[in-house]
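Q: what shape does this take:
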Amino acid sequence: MAERKDPALVDPTGEVSILVVDDEEMLASLLSSALEYEGWTVHTAGTGNRAIRMANELKPDVILLDIGLPDMDGLTVLRRIRATQPLVPILFLTARDAVADRVAGLNAGADDYVTKPFDLAEVVARIQVLLRRGGKNPTPPDPTLTVGDLVLNEDSHAVTRAGQEITLTATEFELLHYLMLNAGRVVSKSQILDHVWNYDFGGKANVVELYISYLRRKLGVAGLPPMITTLRGVGYLLDVPKA
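A: The predicted model follows:
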């Protein structure tokens with residue numbers, strides 16, 4: 001996982017409250033631990049009805065909502081919460097990777113979504129964006145991501161490896177940023193297309209292979225060992241090279 005020097009969010013009017021809605025207890029517990037580590041107060045609900053009730057009672061700052069719940073569809077939960085809290089940011093957690101499902105969620109009023117399995121660092125980063133939009137983060141986080149000797153600055157778009165500057169195109173930067181957010185974890189071609197190209201790739205899935213090759217070559221400055229590994233039929237992994 002990429003290292004980031006993020007301070008805990010501090011809200012001058014009180015704590016940041018997150019409502020996690022997921023019927024998978026282990027996943028909800030894992031999310032809660034990660035979010036509490038950021039200094040946020042976390043509440044959980046395992047059903048749609050409980051989520052609606054808790055949302056109305058707690059008025060959370062952000063809601064993480066699983067689209068598949070045992071008693072009702074997450075889209076229904078979203079609409080009922082939106083009826084009373086039209087401005088609360090809602091981030092969908094979904095195992096459904098079809099474009100139509102994600103579009104339906106966004107059209108229903110979700111602010112963002114993450115597909116399972118996801119990286120906790122990405123979920124935290126997306127929550128931080130939603131909190132900043134709502135004015136809940138007066139102190140911006142450190143924009144630097146670091147994986148070994150590779151450093152990326154999200155604000156300036158500067159990238160260096162072993163202190164040497166690397167010039168990337170906008171697409172190469174977005175691809176590297178996504179790989180660094182998921183450092184140490186294999187990401188599939190479809191996940192990369194989803195988060196980097198947003199389906200705007202003309203149906204040519206091999207564009208990922210092409211840009212991975214560009215990126216791998218640029219990261220290999222001065223003969224440094226490669227950081228991107230291709231796992232045939234599985235996806236791509238960015239990590240610190242083994243000695």
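Q: every contact and neighbour count from this point should use C-alpha atoms.
A: Noted.
Q: shaky segments in the chain?
A: For the chain, the stretches with pLDDT under 70 are 1-14, 96-102, 134-141, 198-205, 243.
Q: how is this protein partitioned into domains?
A: Structurally, the chain divides into domains by the TED database as follows: 17-134, 144-238.
Q: which strands or helices does the helix or strand hosting V124 pack on?
A: Here V124, judged by DSSP states H and E, is contained in helix 120-133. Other helices and strands packing on helix 120-133, by 3 or more C-alpha pairs under 8 Å, 6 or more residues apart in numbering; DSSP states H and E, are helix 25-37, strand 62-66.
Q: any idea which of the ones you listed gets closest to M180?
A: Among the helices and strands packed on helix 120-133, helix 25-37 comes nearest to M180, with 18.3 Å by C-alpha to C-alpha.
Q: parallel or antiparallel, which strands does the helix or strand just after the closest one pair with?
A: Per DSSP H and E, the first helix or strand lying C-terminal to helix 25-37 is strand 41-45. Note on strand 41-45: by DSSP bridges, its sheet partners are strand 17-21 (parallel).
Q: quick one, the strand it pairs with and strand 62-66 angle?
A: Interaxial angle, strand 17-21 versus strand 62-66 (axes from the mean of the first three to the mean of the last three C-alpha atoms, to 10 degrees): 10 degrees.
Q: CA atoms only for strand 17-21 - export them in CSV, please.
A: Output of strand 17-21 as CSV, limited to C-alpha atoms (Å, rounded to 0.1, in the frame of the first residue of the first chain):
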residue,chain,number,x,y,z
SER,A,17,-19.3,10.7,11.5
ILE,A,18,-19.4,7.9,9.0
LEU,A,19,-22.3,5.4,8.6
VAL,A,20,-21.2,2.0,7.0
VAL,A,21,-24.1,0.0,5.6
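Q: roughly how far is it from the heart of the chain?
A: 16 Å (C-alpha atoms, centre = their mean, to the nearest Å).
Q: give me whichever of the helices and strands packed on helix 120-133 is most buried.
A: Across the helices and strands packed on helix 120-133, averaging neighbours per residue (mean count of other C-alpha atoms under 10 Å) puts strand 62-66 on top, at a mean of 25.
Q: now that strand: how far from the chain's centre is it?
A: 13 Å.
Q: again, but for stretch 229-237
A: Per C-alpha atoms, centre = their mean, the centroid offset for stretch 229-237 relative to its chain is 20 Å.
Q: which other residues reach it?
A: With contact meaning C-alpha atoms under 8 Å, 6 or more residues apart in numbering, stretch 229-237 is reached by 179, 183-189, 228, 238.
Q: keep only those of those that are in helices.
A: 179, 189 (DSSP state H).
Q: now, of the contacts of stretch 229-237, which are buried?
A: 179, 183-189, 228, 238 (16 or more other C-alpha atoms under 10 Å).
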